[in-house]
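**Q** would you be able to build a 3D model of this:
(chains A, B and C)
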Amino acid sequence: MKISAITQERIRRFRANKLAWWSLWVLLGAYLLSLLSPWLVNDRPLVMSYQGRLAFPAFVFYPESNFGGRYETEADYKLLLEEALTQGKSVWTIMPPIPQDPLRARLDGDGTPPYAPSREHWLGTDAHGRDLLARLIHGFRICMSFSLLLTLLSTILGVLIGAIQGYLGGKFDIFAQRVIEVWSSLPFLYVVILIAALYGHGFWLLVGIMTVFSWIGLSYFMRGEFLRLRDVTYVKAARVLGYSHWHILVKEILPNALTPVVTLFPFALIGGISSLTSLDFLGFGLAPPTPSWGDLMSQGLSHLFAPWIAVSTVLALFITLLLATFVGEGLRDAMDPKSGDRYE
Amino acid sequence: MSDLCASVNPQDLLRVENMSVAFRGQANAWLAVTEEVNFSIAPSEVFALVGESGCGKSVTAMGLLGLLPRPGSKILQGHAWFEGVDLLALSASELVKWRGAKISMIFQEPALALNPVRTMQSQLREALRQLPKAEADVRIEALMKRAGFADVARVLRSYPHELSGGMMQRVMIVMALLTKPRLLIADEPTTALDVTVQAQVMSLLQELCRETSTGLLLITHNLGLVAHYADRVGVMYAGRMVESAPVQRLLENPRHPYSQGLLRAVPEGLDSVEKLAPIPGSVPRPQEFDQGCRFRNRCPIAKEICARKPTLRSIGEHHTVACEFAT
Amino acid sequence: MKHTDEVLAVKDLSVWYPIQQGLLGRVQSHVKALRHFDLSVKRGEIVAVVGESGCGKTTLASALVGLRTWQTGELFLDGERLDPNNSATWKRLRTSVQMVFQDPYGSLNPRQTLQEILLGPLRANGIGLVEGKVRVLEALHQVGLTESDLEKFPHAFSGGQRQRIGIARALALRSKVLVCDEPTSALDVSVQAQVLQLLQKLRQELGLSIILISHDLSVVRALADRVVVMYLGSVVEIIPAQNLFAHARHPYSQALLASVPTLNSRKTPQILQGEIPSLTELPPGCVFSSRCPHVRPECSLQEPALQELSEANLVRCPWTQELG
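**A** Sure, this is the predicted structure:
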């Protein structure tokens, strides 16, 4: 499908905005890397040779007993290696770049956790002794994935409902508007707390509930766009030419109504990240010990004497949201340049 | 250039010399939209600036009053002498003193030029805000009556949406002439109106301008209006002035191939479209402007010499043409 | 009886717009935008409908292509009677009656290539891909565009070309009747003639019938065979185009003609007094009575009927004989 000249021009304008362009790549790159976090940030070796036998602990589960341990639980490879070295067994490993696990508490520092940044834990640990950097990276993966999923689902819902509202207009629109108004006045936080209390704190459950509340904003925009575009001459022409209603909605109007969708996407993403972080901060979000930034913020607040927790978390959140904001502004300018009057 | 000096009249109300306007185009480059436009208006004269889309007539008018969008546009060169002052050299704050008071403007869509939440009376009073209210009201009432409104009080009380297009435009004319400006610029004042209302509005414009001795710069693409209401006319094409003459001379003896083509393409008095002679091709866009004659791709008598910039020649009383073959 | 010469006929067409007021949006009254309109169009005939704002010509155009509900009225295609408020009728009419819109810049979807714009409607009306492509090329050539234009987007074309694309779109569907709503008003004068000559050519070569909605009387005179003059929703005069300028009988037609500033004569345009009344408050009796320069007291009593003055001239005014 040929990209229309309008879209090409918009892409060109976005690329010309260096800040937005690079922010997009940094964000995207960071996210993709974070998706690889099970293999980049892990305290299990990628490849290990233990007394001549090859093993891939980062990919496969090996019980302790495999390596001469007593139990069937997963081996603690750090201890295993220390033991092997002191006992002189032949062993070599290829470790992930950041050899820490976000879930394993290491209580071998001075005193009680949280431990300050050291050679072992580059950003220190949290209040439970878990490596902070590992938690931040895994947390990034989780909150970005959550937010992307949330934004995607609520976009689809918002577009669908708003489009049908705007296209049909009349009584359906009035009715739907009233329903939406009632729906949007429901106290979102209470609902989340209630449902989480009843059904637990699952990732998918949370995505589900939040989607159900977040599509409303976009539907307002789409309704407006469709109401406007419904009367545009080429849509009238489409009706006279015999196109079906569905075709007109999807092929004629929708491609020209996507400006709000594109421009709102990054800001919705930011909203999603913030919402999840807030929920986790309050303890109503994802269940512990899931590495989440909200949880880290909460810990940071209650352990202010260990500033590395709060500072690194806030910094990570700040940079992420800042980059997303740059992308969002860049998209908005690309879609609809107001200042700098062009002669078209 | 020497040909032109002969026609420069120191009594001119407005004299535009070599005015060029540029807009910011793609990739932030400046695109010259009009080039070296020259014309003059005598006091109380009606001068029509005629041309089709993209010729630059509106841009020229807006440029005179500093109404072009900033920062996306600029005056590349030129002067616009009005009462001894170069309008194009004035700063924004200085221009404010001239607009409305000495030079007024009315636009194509009166509904867009009026504030929808204020009554006509309050908007009219604003034009005369320097005067005490009582005096302003007297003047407003007089001019409104002159504009042919049967029930002046009702119209004054009304909001814009309560009036028809023709009525709004007539109020705009009153608003523009309240301050007794020396020059009124009318940018396509009747294009959005029905033809019976158009007649009403144009004749009002003509009459009132005569009474207040206001010069009128009429921007239009309608040659019929030019024939009936203008004294002199300037024809613009693709950003340049190609011919300018007294109206009767242009209608009887157009010398530029574009003017000739334009007059032949108007379907007037014809029983069949076969006799129509459309000008083949279409108007070039500013991105396609070049130095040579911009009409040569559509011109029936174009030759190689036309690839060079055409010189403006004077071929008679106040009649100038920018074509190598005009004489 | 089938009139094989008559391709489209409309009888007693009325279109009303409901005015909704009150909390519940109940319909209180109607704007009677078009009232009791009759028209019969023969094969290869060009009928012009002229008038100013509020005369109903735009409503008429929309009604003729099924975009408006018909309050009353009968519709005949090739002599066969069809129900105008049944969507099946319009589905069938898509390939016979099509519309060319006023706005060349808004009538084409800016994101579709010319190929999609021309081929899409054919596919939507059940025409196969292979035949569709053949028809598209045919239509392109008929309007003077080339195959290489098919990949381009609308912004690459000028206003005149876009109008021609609008016409091609209808031709590809093999329309018999083209409803042209002010097809040249938004175009430059030097380009208008191109479109007008194209319409003339299509009429001659294909026997295309055209209903030309326009406010430009010179265009109407040059292109049309018959002219229908409308004022405030009703027909005031029907007259052959060549007689329009010299022999129009209805006072409104005369006023309309007299208002047009012409190049060739220095006759001052005549000015009609008063304002055009609103469609919700029609004057009693003859709708033109509030502005007619020859109005008499009898004019406000009853709306006059359309009388036949001569074979081709119908007028809605009982005083034309006296006025001369």
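**Q** any idea of the pLDDT on the single nearest residue of the stretch 151-300 of chain C relative to chain B?
**A** Distances between the stretch 151-300 of chain C and chain B by C-beta to the nearest C-beta are smallest at C:Ala193, namely 3.2 Å. Quick note: C-beta positions are derived from backbone N, CA and C, even for glycine. We have a pLDDT of 84 for C:Ala193.
**Q** distance of it from chain A?
**A** 23 Å (C-beta to the nearest C-beta, to the nearest Å).
**Q** doesn't B:Pro280 make contact with that residue?
**A** No - look at C:Ala193 against B:Pro280 with C-beta atoms under 8 Å: they stay out of range, at 10.0 Å.
**Q** related to what we said a few turns ago, and after the helix or strand hosting the residue of the stretch 151-300 of chain C closest to chain B, which helix or strand comes next?
**A** According to DSSP states H and E, C:Ala193 maps onto helix C:189-206. Counting by DSSP H and E, the next helix or strand C-terminal to helix C:189-206 is strand C:209-214.
**Q** quick one, which of C:Ala193 and B:Pro280 is more surrounded?
**A** C:Ala193 (27 against 14; other C-beta atoms under 10 Å in any protein chain shown).
**Q** around chain A, which positions in chain C sit nearby?
**A** C:65-67, C:91, C:94-95, C:98-99, C:101-103, C:106-113, C:120-121, C:124-125, C:151, C:153, C:155-156, C:166, C:169, C:173 (C-beta under 8 Å from any C-beta of the partner chain).
**Q** kindly report the same for the stretch 201-327 of chain B.
**A** Taking C-beta under 8 Å from any C-beta, the part of the stretch 201-327 of chain B that reaches chain A is made up of B:Pro286.
**Q** contacts for stretch A:229-236, please.
**A** The contact list for stretch A:229-236, computed with C-beta atoms under 8 Å, 6 or more residues apart in numbering or on different chains, reads A:166-167, A:169, A:248, A:252-253, A:256-257, C:67, C:101-103, C:106-110.
**Q** pull out the buried positions in that stretch.
**A** Within stretch A:229-236, the residues scored as buried using 16 or more other C-beta atoms under 10 Å in any protein chain shown are A:229-230, A:232-236.
**Q** again with stretch B:61-69
**A** So for stretch B:61-69, counting by 16+ other C-beta under 10 Å, buried means B:61-68.
**Q** and those residues, which is closest to B:Glu36?
**A** Comparing the buried residues of stretch B:61-69 against B:Glu36 with C-beta to C-beta places B:Gly63 closest, at 13.0 Å.
**Q** what sits against the residue lying closest to B:Arg129 once chain neighbours are set aside?
**A** With sequence-adjacent residues excluded and distances taken as C-beta to C-beta, 6 or more residues apart in numbering or on different chains, B:Arg129 is closest to B:Ala136, at 7.7 Å. Going by C-beta under 8 Å, 6+ apart, B:Ala136 touches B:124-125, B:128-129.
**Q** by neighbours, which of those residues wins?
**A** B:Leu124 (24 neighbours).
**Q** what is the burial count for the residue in the stretch 201-327 of chain B positioned nearest to chain A?
**A** Among the residues of the stretch 201-327 of chain B, B:Pro286 lies closest to chain A, at 6.7 Å counting by C-beta to the nearest C-beta. Other residues within reach of B:Pro286, judged by other C-beta under 10 Å, total 18.
**Q** just give the nearest non-adjacent residue to B:Thr191, would you?
**A** Nearest one to B:Thr191, counting by C-beta to C-beta, 6+ apart, is B:Gln108 at 5.3 Å.
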